[in-house]
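Asker: Sharing a model prediction with you, sequence too.
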Amino acid sequence: MSFLHSAILFALVALAIPVIVHLLNRRRVVVVDWAAMQFLKVSRRARRTVMLEHMLLLAVRILLIACLVLAVALPVLRISCLSRLPAGGTLASLAGHTQRDLVIIIDGSDSMLAVHEGKTAHDEARSWVRELVNALPPGDRVAIIQAKERPITVLNRISADRQELHDRLEQMPPPRGSVDWPRSLEEAQRAFEGTPDGGREIIILSDGQRQGWADGTTLGQWQSLGRQPLPRIWVVNVAGQRPATLPNWSVSPITANRTLATVGREVIFRFNLQTRQPNAVPPKKFDVLVDGKRVGEQSVPRSTEPSIALTVKHSFTTVGSHVVSIRIPDDAMPGDNRRDFAIDVLPAIPVLLVDGDAFDAGPARGSDFIRYAIAPPNHPQPSFAVKAIGINAFASQVLNEPITADPSSTPRVLVLQNIARLNSTQHQAIEQFIANGHGVLVLPGPRTEAAGFNRLGHRAGDGWLPASLGGIVDNATSMLLPDGLEQTFLEPLAKGDADSVLKSNFTGWWKLDPAADGASVIARLQTGDPFLVEKRTGAGRVLQSAVPFDDSWKNDLLRSHDFVRLCHECLFHLAGARAREVNLSPSQPLLHQPAAGEPPGRVTAFWPDGRQRRFEVPAWPLTVNDTREPGVYRVADDGGRSRYYVVQADGNESNLQPCGESDRQSIADMFPPGRLRYENERPAIFNGLRDGARDPEFGWLLLLAVLGLLLTELAITRAHIRDNPPVND
């Protein structure tokens with residue numbers, strides 16, 4: 001206990017006044033012997049009662065003065081002392097203690113599981129929270145949030161129940177993925193809704209990682225958040241002794257030369273093994289898994305490089321959705337030792353080929369070249385199922401009709417080969433086809449009328465066509481430029497063999513002007529003119545070529561052995577337009593769209609952390625927004641058919657570089673002075689929180705005691721007078 005006005009305690013010398021008065025009154029009593037009184041004998045019991053009344057009255061007067069002096073001195077009792085009492089919370093409330101509300105935010109990113117000296121930052125954070133909860137005064141309330149790409153409320157309400165806090169802390173899911181700190185702080189603000197404004201605190205427990213806290217992307221988010229009214233924020237680094245580099249290797253995101261595969265066709269998966277530790281020894285081997293089952297093991301070449309490029313080749317034997325995974329042995333940071341990639345496998349990709357030739361003109365048509373390239377008549381299992389029609393038969397309903405007897409074989413790719421013109425209805429059907437996530441290959445030829453395509457298809461950059469048609473170049477010769485093909489789906493064509501497409505001479509082509517929003521040039525001719533232009537529209541994409549895939553201009557393209565490969569790469573690329581719907585970024589909605597013609601119904605979604613949820617779907621697609629956790633998701637119908645989705649982890653999470661002093665200060669400067677404080681020592685944090693709490697003052701309770709003592713003194717005096725009435729002379 002302490003006193004706000006301790007100097008007033010000197011007034012306690014007044015406690016001697018009742019004693020002195022009592023003693024002086026006893027000395028003034030004169031004893032007079034009177035004969036008549038000799039016959040009146042006072043009993044010993046009566047004398048003892050009178051003495052006790054006098055002593056009780058003396059004690060009451062002493063306590064009255066003491067309580068009055070102490071009340072004026074304003075006594076303050078430490079809340080930490082009250083917390084040790086059985087009824088400390090009740091006493092603190094009676095004394096006027098203001099309860100505080102704390103929100104503890106725990107870093108839930110992969111880096112919290114990095115092992116250093118046998119411990120992880122996640123374990124240290126939980127130990128820190130347990131100690132803090134036990135040290136809090138009675139009545140203080142706590143909420144716990146796990147910071148991730150989308151924060152998780154471990155305890156979705158502010159609670160003073162210590163056992164509940166400990167139980168929820170033990171049930172908190174392990175760290176996974178990356179973290180969005182500004183978003184987590186906004187979630188902490190929402191946890192205070194409905195609570196008193198006074199006594200609010202936010203405590204952030206992290207491993208001090210720069211990524212997610214002070215990187216370029218996050219700095220912009222802090223600026224807007226720092227202008228909002230926030231309580232005091234404590235930032236604690238629970239991994240202060242962890243070095244920036246640990247013996248850790250990570251698997252980079254997986255890419256594939258096919259985002260959509262067919263049965264029996266080889267798919268090449270590429271990835272890198274990476275480390276940030278100098279001269280680190282890479283793992284000896286890695287595992288290849290398909291649908292969670294180990295299908296192979298490959299050796300890692302010995303290297304001292306920080307990044308090792310690796311490839312895996314695999315042919316799928318079954319139709320459906322599959323997940324390919326790369327896994328290395330666990331090391332100091334196990335969260336980045338596995339990567340997944342979802343891919344759909346079809347029996348054959350359905351392609352609708354629309355030819356500008358009249359189909360009654362004879363057996364030979366311009367579309368035959370591309371049709372024979374992708375689906376040879378004698379091939380037992382071609383990668384494409386092709387349906388060829390003339391331009392007069394092309395209507396919107398054709399895009400929704402199956403190519404084969406399989407009702408799910410509706411076209412995924414539309415090829416327009418040397419079309420003269422399209423009417424407005426056909427343009428609208430194509431635009432809707434692209435928006436639904438399909439691909440279109442546009443091959444203009446000598447019969448193509450530029451005005452109609454530019455007016456209805458390109459629309460000055462607002463239409464579905466990537467580039468406007470400027471005119472035909474037929475007085476020059478050119479070949480393809482190999483530069484830049486390595487970074488595109490045309491990489492297999494970049495080798496430049498003697499008979500490759502790079503050696504083909506073009507004597508005629510369309511002048512393409514890709515002045516459209518989102519259009520990009522995939523390949524160029526040596527003259528600098530675009531050869532292939534791509535544009536995404538909605539969920540689909542369009543490829544526009546400068547030449548038709550026929551012999552209209554007697555180009556050497558058809559005589560190249562790479563012509564077949566060129567057709568395959570273009571159509572596979574277009575058919576996989578919706579591949580990003582199965583390989584997602586964190587928090588990107590999952591859109592489940594079954595095969596065409598499947599009626600809506602009930603499905604079950606499975607999360608990477610083991611959760612599952614039943615959905616009643618009235619219409620496709622099913623949208624699942626809770627995709628903050630990286631890993632493999634699965635949506636299964638009642639018939640046992642499943643489709644896999646993968647939320648890709650942030651590769652930057654493997655960078656354990658801690659925040660420097662300038663990084664910390666740059667964030668603190670975005671908040672009002674003293675609002676955001678960095679502190680790693682537990683005693684300093686606990687003392688700071690204790691200083692922020694107002695210890696209860698007991699002065700008003702002592703004033704009540706003074707009033708009670710006055711009433712007691714009055715009652716004792718009246719009782720004494722009643723029992724011992726004065727004698728009149």
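Answerer: Cool, the structure landed.
Asker: contacting residues around the one residue sitting closest to the centre of the chain?
Answerer: Nearest to the geometric centre of the chain sits E149, at 1.2 Å (CA atoms, centre = their mean). Listed by CB atoms under 8 Å, 6 or more residues apart in numbering, the contact partners of E149 are 177-180, 586-587, 628, 650. The C-beta positions use only the backbone N, C-alpha and C, and glycine is treated the same way.
Asker: So which of those residues wins on neighbours?
Answerer: Counting neighbours by other CB atoms under 10 Å, V179 comes out on top of those with 28 neighbours.
Asker: how close does it get to L584?
Answerer: 18 Å (CB to CB, to the nearest Å).
Asker: now R227
Answerer: From R227 to L584 the distance is 32 Å (CB to CB).
Asker: which of the two has more neighbours?
Answerer: Shown here are R227 and L584; by other CB under 10 Å, L584 has more neighbours (19 against 10).
Asker: Correct me if wrong: that one contacts E629.
Answerer: No. In this structure, L584 is not within contact of E629 by CB atoms under 8 Å, at 11.1 Å.
Asker: my read: P589 touches T627, true?
Answerer: Yes. Counting by CB under 8 Å, P589 does reach T627; the two are 6.8 Å apart.
Asker: Give me the more crowded residue out of these two.
Answerer: Between P589 and T627, T627 has the larger neighbour count (other CB under 10 Å), namely 21 against 12.
Asker: Now that we're looking at the more buried one, what pLDDT does it have?
Answerer: At T627, the model reports a pLDDT of 90.
Asker: Return the residues in contact with it.
Answerer: So T627 contacts 584, 586-590, 633, 647 (CB under 8 Å, 6+ apart).
Asker: Which of the three states applies to it?
Answerer: Judged by DSSP: H, G, I helix; E, B strand; the rest coil, the three-state class of T627 is coil.
Asker: again with the one 5 residues further on
Answerer: Following three-state DSSP, V632 is assigned to strand.
Asker: wait, isn't it in contact with V646?
Answerer: Yes. Using CB under 8 Å, V632 is in contact with V646, at 5.7 Å.
Asker: Which neighbours do these two have in common?
Answerer: 323, 340, 342.
Asker: Which member of the residues you listed is positioned nearest P231?
Answerer: D340 (40.0 Å; CB to CB).
Asker: What's the per-residue pLDDT of that closest one here?
Answerer: pLDDT, D340: 97.
Asker: did I read that right, it in a helix?
Answerer: No. Counting by three-state DSSP, D340 is located in no helix; its state is strand.
Asker: residues touching it, list them.
Answerer: So D340 contacts 254, 323-325, 631-632, 646 (CB under 8 Å, 6+ apart).
Asker: Which of those are buried? Put it as a ChimeraX command.
Answerer: Only the buried entries of these go into this ChimeraX selection, using 16 or more other CB atoms under 10 Å:
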select :254,323,324,325,631,632,646
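Asker: now, which of the contacts of D340 lie within strands?
Answerer: The strands, defined by DSSP state E, take in 323-325, 631-632, 646 from the contacts of D340.
Asker: Select, from those residues, the two members most distant in space.
Answerer: Spatial extent of these (CB to CB) is set by the pair V324 and G631 at 14.0 Å.
Asker: Now do the buried residues in stretch 237-251.
Answerer: 237-239, 242, 246, 248-251.
Asker: quick check: mean pLDDT across it?
Answerer: Mean predicted lDDT for stretch 237-251 stands at 92.
Asker: got any ranges where the stretch 1-150 of the chain has weak pLDDT?
Answerer: Applying pLDDT under 70 to the stretch 1-150 of the chain flags the ranges 1-7, 9-12, 14-15, 22, 24-51, 73-98.
Asker: Tell me where it has helices.
Answerer: Ranges of helices in the stretch 1-150 of the chain, per DSSP state H, counting those that start in this stretch, are 16-27, 44-72, 79-82, 88-94, 121-135.
Asker: tell me what the last one is packed against?
Answerer: The criterion is 3 or more CB pairs under 8 Å, 6 or more residues apart in numbering; DSSP states H and E, and the helices and strands that helix 121-135 contacts are strand 101-107, helix 162-171, strand 200-206, helix 682-692.
Asker: winner for burial among those?
Answerer: Of all the helices and strands packed on helix 121-135, strand 101-107 carries the top mean neighbour count, a mean of 26, counting by mean count of other CB atoms under 10 Å.
Asker: what's Q171 in contact with, if anything?
Answerer: Residues in contact with Q171 (CB under 8 Å, 6+ apart) are V154.
Asker: go again using 10 Å as the cut-off
Answerer: 154-155 (CB atoms under 10 Å, 6 or more residues apart in numbering).
Asker: Relative to R675, how far out is it?
Answerer: 32 Å.
Asker: One more: W181?
Answerer: The value you get for W181 to R675, if CB to CB is used, is 15 Å.
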